[in-house]
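**Q** Task: produce atomic coordinates for the following.
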Amino acid sequence: MIGGVQNIGRIPELQRRILFTFAMLGVYRIGSHIVTPGIDPDVVRATFERMAGTIFSLFNVFSGGALEQLSIFALGIMPYISASIIMQLLTAVVPALEALQKEGEQGRKKITQYTRYGTIVLALFQSFLIATALEGGQFGAGAVLNPGLGFKLMCMITLTSGTAFIMWLGEQITERGIGNGISLVIFAGIIIGVPGGIAQLVELVRTDQFSLLQALFLIGFVVLLTGFVVFVERGQRRIPIQHARRVVGRKMTQGGMSYFPLRVNTANVIPPIFASSILMFPLTIGQFSDMPRVNAFFQDYLDFGGVLYNVIYVALIIFFCFFYTAIVINPNDVADNIKRSGGFIPGIRPGKRTAEYIDHVLGRITLVGAVYVSVVCIIPVILSQRFGVPFYFGGTALLIVVGVGLDVIGQIEAHLVSRQYEGFVQGTRIRGRLGR
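**A** The predicted structure follows:
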């Protein structure tokens, strides 16, 4: 890995991609500190300090503190993620969208366009709720300097435009930078809070609210949990595929053995993000509702970290692990591709039997992955809510940081390998010309 980092300086294209990614993330961080016009950020910040340990603190971590001070990027990328959930569900149940997805690149572009429209609609709705809550005093008295229709419209336009800009920013990083842009935006929001979390832990130790032994235990636990996440994220079940010799034209292709890899966590960080996004809607309504019964219901049954909340959270994670894996990997398509390439799984008949075998293996490994993701996401919640352990970032944030980090490293390595291969091919051609 160290040698690979040293080789980055020898590849101008890779340098440009990395610098472009850092520049775009820098723009995102600057925008996170531009306060929405017409509000008092100190009042809003004080309100969020009282909401510590709720669902809002979790999404404040994802937004890199933008939600806490209601900056122009306060909504973050969550409306886009929610719109993606809706489109994924609709694609699975609406035949027209399913047919559109199978059309190839043009169909996927059309679905992406629909997702963008859905993002704007959701952002307008969420910004309207925030503007209404600001005027209603839920964020503290005096949060709005000049309440009225003008403030609501300005707040909705500002926050929606911020979300649209972040969505565009993520797409630019994906196309011209390194890694998945949307994931990197969330990654940057989480990482920016690490120094603050360390400072809070030091302050707790200094004021004797947390002993040094407990702090060391927490650090060791985080290191072990991170190592466990890295180990599982890189784990895979490789299905062997035997290729027979084939005659193509006048040439005979050599047979051999290859593998079809199935990751333990195929869905990656999507399930916990989807689950958190879905839980955000009722909790937001409950937080800002003026009806005492609604508030009491959410406080008694769906409070962040409560028993029912944890059960629903785990259930949603498991559901989305299976759902997203089923969308990403279709056993029938995999079996058809293996058959077309002249391959077969040893001991398994090609065609339907191969699809059933892959589906069986995929189901078992997805169950293991779903349990793993649920455990990693729920343990920090239990530690922080039940035992008062200052685990600031949660399992979801840890999965995102590790997953995105591994993805970026993988893409950098792919660029390095591709560059070395191109250099090898070019050198072979030059030597061939000189030999002539």
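
**Q** Helices of the stretch 1-150 of the chain, start to end?
**A** 2-8, 12-31, 41-50, 55-62, 78-93, 95-101, 105-136, 149-176 (DSSP state H, counting those that start in this stretch).

**Q** I misspoke; the intended subject was the stretch 251-400 of the chain.
**A** Using DSSP H, counting those that start in this stretch, helices in the stretch 251-400 of the chain cover 270-288, 292-301, 307-328, 331-340, 352-386, 394-435.

**Q** And those: which comes nearest residue 230?
**A** Taking C-beta to C-beta, helix 394-435 is the member of the helices of the stretch 251-400 of the chain nearest to residue 230, at 5.8 Å. Placement of C-beta: from N, CA and C, glycine included.

**Q** Turn the helices of the stretch 251-400 of the chain into JSON lines, including distance to residue 72.
**A** JSON lines is the format used below for the helices of the stretch 251-400 of the chain (distance: least, C-beta to C-beta, whole Å):
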{"stretch": "helix 270-288", "distance to residue 72": "19"}
{"stretch": "helix 292-301", "distance to residue 72": "29"}
{"stretch": "helix 307-328", "distance to residue 72": "30"}
{"stretch": "helix 331-340", "distance to residue 72": "43"}
{"stretch": "helix 352-386", "distance to residue 72": "30"}
{"stretch": "helix 394-435", "distance to residue 72": "23"}
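
**Q** show me where pLDDT drops low in the stretch 251-400 of the chain?
**A** The model of the stretch 251-400 of the chain has pLDDT under 70 over residues 251-255, 277, 280-292, 294-295, 298-305, 386-393.

**Q** repeat that for 80
**A** Filtered on pLDDT under 80, the stretch 251-400 of the chain yields the residue ranges 251-257, 268-270, 273-274, 276-307, 327-328, 341-342, 381-396.

**Q** Go ahead and confirm residue 359 touches residue 329.
**A** No: look at residue 359 against residue 329 with C-beta atoms under 8 Å: they stay out of range, at 9.3 Å.

**Q** Just name the most buried of the helices of the stretch 251-400 of the chain.
**A** Highest mean neighbour count of the helices of the stretch 251-400 of the chain: helix 270-288, a mean of 20 (counted as mean count of other C-beta atoms under 10 Å).

**Q** sorry, back to before: export the helices of the stretch 1-150 of the chain to TSV and tack on mean neighbour count and mean pLDDT?
**A** Formatted as TSV, the helices of the stretch 1-150 of the chain follow (neighbours: other C-beta atoms under 10 Å; pLDDT from 0 to 100):
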stretch	mean neighbour count	mean pLDDT
helix 2-8	11	56
helix 12-31	16	88
helix 41-50	15	74
helix 55-62	21	65
helix 78-93	19	81
helix 95-101	14	81
helix 105-136	17	87
helix 149-176	18	90
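
**Q** In TSV, list these along with distance to residue 413.
**A** TSV is the format used below for the helices of the stretch 1-150 of the chain (distance: least, C-beta to C-beta, whole Å):
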stretch	distance to residue 413
helix 2-8	6
helix 12-31	11
helix 41-50	40
helix 55-62	27
helix 78-93	27
helix 95-101	30
helix 105-136	26
helix 149-176	18
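
**Q** Just list the residues touching the nearest residue to residue 265 once chain neighbours are set aside, thanks.
**A** Once flanking residues are discounted, residue 265 sits nearest to residue 369: 4.3 Å by C-beta to C-beta, 6 or more residues apart in numbering. Residue 369 makes contacts with 232, 263-267, 321, 325, as judged by C-beta atoms under 8 Å, 6 or more residues apart in numbering.

**Q** What count of nearby residues applies to the residue lying closest to residue 151 once chain neighbours are set aside?
**A** Once flanking residues are discounted, residue 151 sits nearest to residue 38: 4.9 Å by C-beta to C-beta, 6+ apart. As a burial measure, residue 38 scores 20 neighbours (other C-beta atoms under 10 Å).

**Q** ok, residue 38 touching residue 144?
**A** Yes: with contact defined as C-beta under 8 Å, residue 38 reaches residue 144; the gap is 6.3 Å.

**Q** what touches both of the two?
**A** residue 151.

**Q** just to revisit the earlier point, pop out the phi and psi values for the residue nearest to residue 151.
**A** phi 90, psi 10 (degrees, to the nearest 10).

**Q** Relative to residue 159, how far out is it?
**A** Per C-beta to C-beta, to the nearest Å, residue 38 is found 12 Å from residue 159.

**Q** ok, back up a step: next up, the contacts around the residue nearest to residue 151.
**A** 144-146, 151, 154-155.

**Q** just checking, residue 240 is part of a helix?
**A** No: checked against DSSP: H, G, I helix; E, B strand; the rest coil, residue 240 lies outside a helix; its state is strand.

**Q** Now do it, the pLDDT please.
**A** For residue 240, the pLDDT comes out at 88.

**Q** Next up, the contacts around it.
**A** Contacts of residue 240 (C-beta under 8 Å, 6+ apart): 257-259, 345-346.

**Q** repeat for residue 99
**A** Here residue 99 is in contact with residue 107 (criterion: C-beta under 8 Å, 6+ apart).

**Q** 7 Å - rerun?
**A** By C-beta atoms under 7 Å, 6 or more residues apart in numbering, the contact set of residue 99 is empty.

**Q** From residue 107, how far out is it?
**A** For residue 99 relative to residue 107 (C-beta to C-beta), the value is 8 Å.

**Q** Please apply the same query to residue 234.
**A** In terms of C-beta to C-beta, residue 234 sits 32 Å off from residue 107.

**Q** likewise residue 334?
**A** Counting by C-beta to C-beta, the gap from residue 334 to residue 107 is 20 Å.

**Q** again with residue 17
**A** Relative to residue 107, and taking C-beta to C-beta, residue 17 is found at 28 Å.

**Q** Okay, and which of the contacts of residue 240 map to strands?
**A** 257-259 (DSSP state E).

**Q** between the residues you listed, which has the most around it?
**A** residue 258 (13 neighbours).
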